[in-house]
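Asks: have a look at this prediction, sequence included:
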Amino acid sequence: MLARNVRQLVGQGLLPAEPARPEATVLLDWPLRQAAGFKYNSIYGVSNFVDHNPIIGKLQDWDCNTRTYDTGNYNHAGTDIFLWPFDQNMMDSGQAQITAAAPGVIIGRFDGNFDLNCVLSNANWNAVYLRHTDGSVTWYGHMKTGSVTGKQLGATVAAGEVLGTVGSSGSSTGPHLHFELHDAQGKVVDPYAGPCGAATSSWAAQKPYYEPTVNAVLTHQQAPVFEACPKPDQTNLSDNLMVGETAYFAAYYHDQRQGQASAYTVYRPDNTVFAKWNHSSTAAHFASSYWYWPLKMPTTAVPGSWRFEVAYEGTVVKHEFTVGKTVTALTSARQPAAFTLAPNPAQRRATLTLASQPVAGAEAVIRTMLGQLVSRQPLASRLTELALPASPGLYLVTLPTAEGTATQKLLIE
């Protein structure tokens with residue numbers, strides 16, 4: 001298919017008959033990034049590299065280890081970059097964007113195929129294929145249906161340009177990016193340099209074999225529940241904790257290794273320490289891992305903005321949350337509404353009316369139910385016009401009041 005497309009594009013003058021710069025090897029950037037509005041420290045881990053051992057049943061990756069696979073008559077030919085944590089939720093929200101590793105021309109693209117696969121099979125995938133100036137070709141596979149770039153065959157893309165988002169189309173056991181590199185003659189190339197890999201790296205900045213990283217530091221109302229593919233996980237996330245409530249403080253890692261210590265600290269609003277503890281894994285290596293601890297927020301907890309920090313391998317990852325009485329915006333006999341919303345769909349706006357004057361520096365924050373930031377708007381008076389989200393769905397509107405954090409659901413149809 002790709003060879004046919006290349007001949008067609010050459011005939012149309014959209015590709016040179018020979019690579020424009022065959023003598024200059026194109027260096028590759030990392031082909032994944034987090035979409036704007038999300039706040040993970042890292043969104044991925046690597047599950048499989050290229051298999052260098054041609055014998056089925058015997059494995060060898062670029063570092064002479066076995067982080068790869070083969071099956072049937074197939075030796076794994078690319079790098080599998082999985083989403084973590086809550087991969088299905090991340091896929092649903094479009095949190096992980098697939099980007100062009102180098103400038104190139106689109107020589108192949110597929111979209112519209114089923115993207116919730118959970119087993120290895122012969123299913124068709126959604127993918128983009130780019131040819132670069134040295135004649136090399138990069139593959140970006142398993143994309144989410146409907147996310148593939150609208151650019152067609154022969155179109156040029158810049159390095160870092162979004163090609164789609166991560167999905168689980170094709171032969172796939174869960175949401176991940178299969179990234180594959182071929183040279184100008186079509187031969188599979190492992191982009192990693194190592195003792196059992198290439199002599200020279202194809203990466204502009206090669207990542208280490210083990211990349212111990214905290215992907216996310218989060219707070220939960222209840223312990224998270226990881227569901228079987230393809231169901232979304234029950235994240236039970238909450239950045240607004242109430243006094244007297246037991247909260248779950250969690251850290252999510254990729255490439256966590258034995259004996260690597262993490263220092264966990266929860267700080268009050270005045271920067272004093274509420275809780276502190278240490279932990280390290282006894283396992284040799286986890287491609288992905290998570291740990292959580294329940295802590296009860298005392299009835300005497302100081303209301304305001306708290307933070308949870310994890311220090312690990314020379315890096316500190318922070319997560320901010322609030323503690324205080326959560327005031328809903330639903331009117332009841334016992335609790336008057338902290339604010340009201342009057343949507344005007346025709347104007348794509350909503351009028352927000354506060355029950356009292358806004359506190360200093362207050363903002364109305366709109367997020368999706370998965371926590372993605374949609375907008376922030378300062379509150380200068382009791383009456384504010386909010387721009388409605390462009391996409392239909394259920395959203396959360398939150399704002400601070402003198403009594404705590406007020407929250408109301410907003411339905412856009």
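Replies: Alright, I've got the coordinates. Numbers count the residues shown, from 1 in each chain.

Asks: pLDDT below threshold where in the protein?
Replies: 20-23, 325-336, 345-346, 370, 413 (pLDDT under 70).

Asks: max-length helix in it?
Replies: Identified as the longest helix of the chain according to DSSP state H is helix 2-11.

Asks: helix or strand right after that one?
Replies: Where DSSP states H and E defines the elements, the next helix or strand beyond helix 2-11 is strand 32-34.

Asks: so what strands line up beside that next one?
Replies: Strand 32-34 has the following sheet partners, assigned by DSSP bridges: strand 96-99 (antiparallel).

Asks: which residues touch the partner strand?
Replies: Applying Cβ atoms under 8 Å, 6 or more residues apart in numbering, the contact partners of strand 96-99 are 29, 31-35, 43-44, 83, 90, 128, 140, 143, 159-166, 175, 177. Every residue, glycine included, has its C-beta placed from N, CA and C.

Asks: in the stretch 1-150 of the chain, which spans are helices?
Replies: For the stretch 1-150 of the chain, applying DSSP state H, counting those that start in this stretch gives helices covering 2-11, 87-93.

Asks: what helices or strands is the shortest one leaning on?
Replies: Looking back up the chat, that one is helix 87-93. Applying 3 or more Cβ pairs under 8 Å, 6 or more residues apart in numbering; DSSP states H and E, we find helix 87-93 packed against no helix or strand.

Asks: who's in contact with the closest residue to F86 other than its chain neighbours?
Replies: If the residues on either side of it in the chain are set aside, F86 comes closest to D233, at 4.7 Å by Cβ to Cβ, 6 or more residues apart in numbering. Applying Cβ under 8 Å, 6+ apart to D233 gives the contacts P85, F86, D87, Q88, N89, P224, V225, F226, E227.

Asks: farthest pair in the residues you listed?
Replies: Across the contacts of D233, no pair lies farther apart than D87 and V225, at 13.9 Å, counting by Cβ to Cβ.

Asks: what helices or strands is the longest helix of the chain leaning on?
Replies: Other elements packing on helix 2-11 under the criterion 3+ Cβ pairs under 8 Å, 6+ apart are strand 104-110.

Asks: by contact count, what packs against the strand it packs on?
Replies: Packing partners of strand 104-110 (3+ Cβ pairs under 8 Å, 6+ apart): helix 2-11, strand 127-131, strand 156-157.

Asks: cutoff 6 Å now
Replies: For strand 104-110, the packing partners by 3 or more Cβ pairs under 6 Å, 6 or more residues apart in numbering; DSSP states H and E come out as helix 2-11, strand 127-131.

Asks: pairing partners for the last one, with directions?
Replies: Just to be clear, that refers to strand 127-131. Strand pairing for strand 127-131, determined by DSSP bridges: strand 104-110 (antiparallel), strand 137-141 (antiparallel).

Asks: would you turn those strands into CSV with distance to V119?
Replies: As requested, the strands paired with strand 127-131 are arranged in CSV below (distance: least, Cβ to Cβ, whole Å):
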stretch, distance to V119
strand 104-110, 19
strand 137-141, 16
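
Asks: how close does the nearest residue to A402 once chain neighbours are set aside get to L399?
Replies: Setting aside the residues directly before and after it, A402 is nearest to V359 in space (Cβ to Cβ, 6+ apart), at 5.8 Å. For V359, the distance to L399 equals 9 Å [Cβ to Cβ, to the nearest Å].

Asks: who's more crowded, the two?
Replies: Under the neighbour definition other Cβ atoms under 10 Å, V359 and L399 were set side by side, and L399 has more, 23 against 13.

Asks: surely the more buried one is within a strand?
Replies: Yes - the assignment for L399 by DSSP: H, G, I helix; E, B strand; the rest coil puts it in a strand.

Asks: look up the closest residue to it, ignoring the ones flanking it.
Replies: Counting by Cβ to Cβ, 6+ apart, L399 lies nearest to A364, which is 4.8 Å off, once chain neighbours are set aside.

Asks: go ahead and confirm that neighbour touches T401.
Replies: No - with contact defined as Cβ atoms under 6 Å, A364 does not count as touching T401 (11.3 Å).

Asks: tell me, how many residues neighbour N344?
Replies: 11.

Asks: so who does it touch?
Replies: By Cβ atoms under 6 Å, 6 or more residues apart in numbering, no residues touch N344.

Asks: tell me how this protein divides into domains.
Replies: Taking automatic domain parsing as the reference, the chain has its domains at 2-189, 213-323, 327-412.

Asks: I'd like to know which of those is closest to A199.
Replies: Of all the domains of the chain, it is domain 2-189 that lies closest to A199, at 11.0 Å by Cβ to Cβ.

Asks: endpoint to endpoint, that closest one covers what distance?
Replies: Its start and end residues considered, domain 2-189 measures 17 Å (Cα to Cα, to the nearest Å).

Asks: show me what P294 is bridged to.
Replies: Beta bridges link P294 to Y248 when assigned by DSSP bridges.

Asks: do A364 as well
Replies: Q377.

Asks: could you do the one 4 residues further on as well?
Replies: The partner list for T368 in beta bridges (DSSP bridges) reads Y395.

Asks: look up how far Y252 lies from it.
Replies: From T368 across to Y252, the span is 20 Å (Cβ to Cβ).

Asks: same check on P54?
Replies: Distance, P54 to Y252, using Cβ to Cβ: 36 Å.

Asks: higher neighbour count, these two?
Replies: Shown here are P54 and Y252; by other Cβ under 10 Å, Y252 has more neighbours (26 against 9).

Asks: nearest residue to G112 other than its sequence neighbours?
Replies: T145 (6.0 Å).

Asks: surely that neighbour touches N117?
Replies: No - assessed by Cβ under 6 Å, T145 is found out of contact with N117, at 11.1 Å.

Asks: so for the two, which residue has more residues nearby?
Replies: Neighbours were tallied for T145 and for N117 using other Cβ under 10 Å; the higher tally belongs to N117 (22 against 18).

Asks: wait, isn't that one in contact with G174?
Replies: No - the criterion here is Cβ under 6 Å, and N117 misses it with G174 at 8.5 Å.

Asks: settle it for me: which of D87 and V225 has more neighbours?
Replies: Taking neighbours as other Cβ under 10 Å, D87 and V225 compare with D87 leading, 26 against 10.

Asks: test my guess that the more buried one contacts P175.
Replies: Yes - counting by Cβ under 6 Å, D87 does reach P175; the two are 4.5 Å apart.

Asks: the nearest residue to A184 once chain neighbours are set aside: neighbour count?
Replies: Spatial nearest neighbour of A184, chain neighbours left out: G135 (2.8 Å); criterion: Cβ to Cβ, 6+ apart. Neighbour count of G135, defined by other Cβ under 10 Å: 19.
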